[in-house]
Each structure stands twice: as structure tokens, then as C-alpha cells.
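1. Dropping the sequence and predicted coords here.
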Amino acid sequence: MFSKAFRSFSMSKQIAYLAIFIALSVAANSVLGVELSASNKIAFTYTVSFLAGYLLGPVPAFLVGFIGDAIGFLISPVDVYWLYGLTLGLFGFLTGWIMNGIKREDAGWLFGKAILAFAVGFIVITCFLNTLVQYSYAYIFLWGGTAQKTFWVYLAGRLSIQSIVYVVNVALCLAALPFCAKFKRKY
């Protein structure tokens, strides 16, 4: 549940790396980002969670996503978005599990694992869980308990913007991957 590199660190170094990644997650959640609309922004929380998953492993990445999002919500609270801490933690966990569970480390496999991690995250987290949370929130609080759109129509509209957010995060992670691989090989 921890990467080989993370296990090789002393306890104080493990805490320091967790603190750095949580701080990056808070910044990505509450300070950085480009607002696209009232409920959509290009945020870099997926990038931080992905890198934490790859470098630290599933459990630390879950903590980074969950705690970082919770603190970010306290700094900049927005409606239902506190639930995203759970899904962001899950994304970090899935990424860490895929990136560290498949033992091949050559360049082709490394990028293949990253694409697989993002594909699973996109389907499970973005398409299903986060959309379900937003749809439920709209159904209860905005539409007064009357469905104004089906879930599938809502999903299609949401994915038009979320796909852009995801592509930006994937590109950042793929660009950072060779540097992170060097870091991991060092340990």
C-alpha cells in the first residue's frame, strides 16, 4: 500500500513528503486553477494526486487527496464540493495501486500505466462518482426534487468541460512522469 521509495524513507521524511504533497493539494484546490464556469474550473488536484500515487503509493495518495481537499474546502468552501475529497482520495489510491501494482518500469509500460490510471479515474471518478454527486446536489437543492434533466443528459453536458480539465491534468502528469521516474529510481 506504499511505494518502495516511500517505504525506504525514515518516518520523518515520510511525514515531510506527505505534508509537501498535502500543501500542494491545498494550493491546487483553493488557489490555483482557471474558472470556466460557476461549477467548473481547470484544477490541478488530479495532477497532485496522481504524482502522490505514483511516488508515495495508494494509501499516502488517498490521504493527500482527502486531506488536501478538506483543507482546501475550509479555505474556499463551495457548495457540495467537500464530497470531492473522498473521490480525489480514491483517485490517488487507484493511481497509486495501478502505478505501483504493475511492476514493469520501462518507459513504455510507465506511460501505459499512467494512461490506464487516468482512464480508470476518468470513468470511475469523473464520469460516475463526481457527476452523481453534482447531479444529486442539483436535483435536491437547485431543482427542488424535480428532475429537470436525466443523469445521462447532465453527464454529457458536464463531460464537455470536464474532458478539457482532464486532458490538461493528463498532459501535465505525462510531462512530469520522466522526472518522477528518475526520482523513484534514486530510492
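-> That came through, no problem. A quick note: this is a predicted structure, and the numbers were derived from the prediction, not measured.

2. So which bits of the helix or strand hosting residue 96 are buried?
-> Residue 96 is located in helix 84-101, with elements delineated by DSSP states H and E. Under the neighbour-count criterion of 16 or more other C-beta atoms under 10 Å, helix 84-101 has 84-100 buried. Bear in mind the C-beta positions are built from the backbone N, C-alpha and C, glycine included.

3. Could you list the residues in contact with it?
-> Contact with helix 84-101 is made by 3-4, 25, 45-46, 49-50, 52-54, 56-70, 73, 113-114, 116-117, 120-121, 124-125, 129-130, 133, as judged by C-beta atoms under 8 Å, 6 or more residues apart in numbering.

4. rerun that using 6 Å as the cut-off
-> Under the criterion C-beta atoms under 6 Å, 6 or more residues apart in numbering, residues 3, 45, 49-50, 52-54, 57-58, 61-62, 64-66, 69-70, 113, 116-117, 120-121, 125, 129-130 lie in contact with helix 84-101.

5. So which of these belong to strands?
-> Using DSSP state E, no member of the contacts of helix 84-101 sits in strands.

6. can you give me the end-to-end distance of stretch 140-154?
-> Stretch 140-154 stretches 14 Å from its first residue to its last (C-alpha to C-alpha, to the nearest Å).

7. got it, and stretch 67-85?
-> 7 Å.

8. Kindly report the same for stretch 122-130.
-> Across stretch 122-130, first to last residue, C-alpha to C-alpha, it's 10 Å.

9. Could you list the buried residues of it?
-> Those would be 122, 125, 126, 127, 129, 130, for stretch 122-130 by 16+ other C-beta under 10 Å.

10. So in the protein, which helix runs the longest?
-> helix 151-186 (DSSP state H).

11. buried subset of the contacts of helix 84-101?
-> By 16+ other C-beta under 10 Å, these give 3, 45, 49-50, 52-54, 57-58, 61-62, 64-66, 69-70, 113, 116-117, 121, 125, 129-130 as buried.

12. Among the residues you listed, which lie within helices?
-> 45, 49-50, 52-54, 58, 61-62, 64-66, 69-70, 113, 116-117, 121.

13. pLDDT for the buried residues of stretch 122-130 - can I get that in TSV?
-> Listed next are those as TSV, based on pLDDT from 0 to 100:
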residue	pLDDT
122	90
125	88
126	84
127	86
129	87
130	84
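
14. so how far is residue 12 from the residue nearest the centre of the chain?
-> Nearest to the mean C-alpha position of the chain, counting by C-alpha atoms, centre = their mean, stands residue 46 at 3.0 Å. As judged by C-beta to C-beta, to the nearest Å, residue 46 and residue 12 stand 28 Å apart.
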